[in-house]
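**Student:** Sharing a model prediction with you, sequence too.
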Amino acid sequence: MDSKQRPPQKNAPSPEADSPSQIIDLSEFRRRKLDTDEEYAYRARILVMEKAQLLEEMVAFQQERSRVGQLTRSMMVRGKYLFRALEERAETNELRILARSYRRHLEFELDELAKSGGSSG
């Protein structure tokens with residue numbers, strides 16, 4: 001190494017450090033944090049529900065889906081928790097199969113949404 005050249009500094013920011021992909025959108029971060037908090041609260045609520053309450057929640061979920069006209073990310077996450085609880089507590093094989101099928105569908109939709117970088121609702 002010549003005396004005029006300096007060794008690279010270990011803590012020096014890379015040229016890519018200020019690239020748009022490295023910048024965090026704080027409003028998006030806050031929204032996701034709020035979503036996560038709401039998801040935990042919903043999951044906790046679902047875990048203490050009786051079977052009849054879970055079925056009522058399923059009906060309310062389907063009514064909301066019809067009213068909104070599409071599945072939002074928030075609805076997909078809540079549905080995933082709801083249908084897992086229904087699947088685990090189902091007394092009939094038919095309900096277990098229905099709940100498992102719907103849960104898997106919601107998980108697939110969430111995966112596709114994550115792959116596309118979408119964050120609808």
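**Tutor:** Sure, I can see it. Numbers count the residues shown, from 1 in each chain.
**Student:** Span of stretch 45-54 from start to end?
**Tutor:** Start-to-end span of stretch 45-54 (C-alpha to C-alpha, to the nearest Å) is 10 Å.
**Student:** Looking at it now, give me its mean pLDDT.
**Tutor:** The average pLDDT for stretch 45-54 rounds to 94.
**Student:** try stretch 75-91
**Tutor:** 94.
**Student:** Now do the longest helix seen in the chain: which elements does it pack against?
**Tutor:** Assignment by DSSP state H gives helix 93-116 as the longest helix of the chain. Under the contact definition 3 or more C-beta pairs under 8 Å, 6 or more residues apart in numbering; DSSP states H and E, helix 93-116 sits against helix 73-89. For glycine as for every other residue, the C-beta is placed from the backbone atoms N, C-alpha and C.
**Student:** Grab the nearest non-local neighbour of Glu87.
**Tutor:** Of all residues not flanking Glu87 in the chain, Ala99 sits nearest, at 3.9 Å (C-beta to C-beta, 6 or more residues apart in numbering).
**Student:** Now do the contacts for that neighbour.
**Tutor:** Counting by C-beta atoms under 8 Å, 6 or more residues apart in numbering, Ala99 touches 83-84, 86-87, 90.
**Student:** Tell me which helix or strand comes right after the helix or strand of the chain with the lowest mean pLDDT.
**Tutor:** In the chain, no helix or strand scores lower on mean pLDDT, DSSP states H and E than helix 26-47, which sits at a mean of 76. Using DSSP states H and E, the helix or strand that follows helix 26-47 in sequence is helix 51-68.
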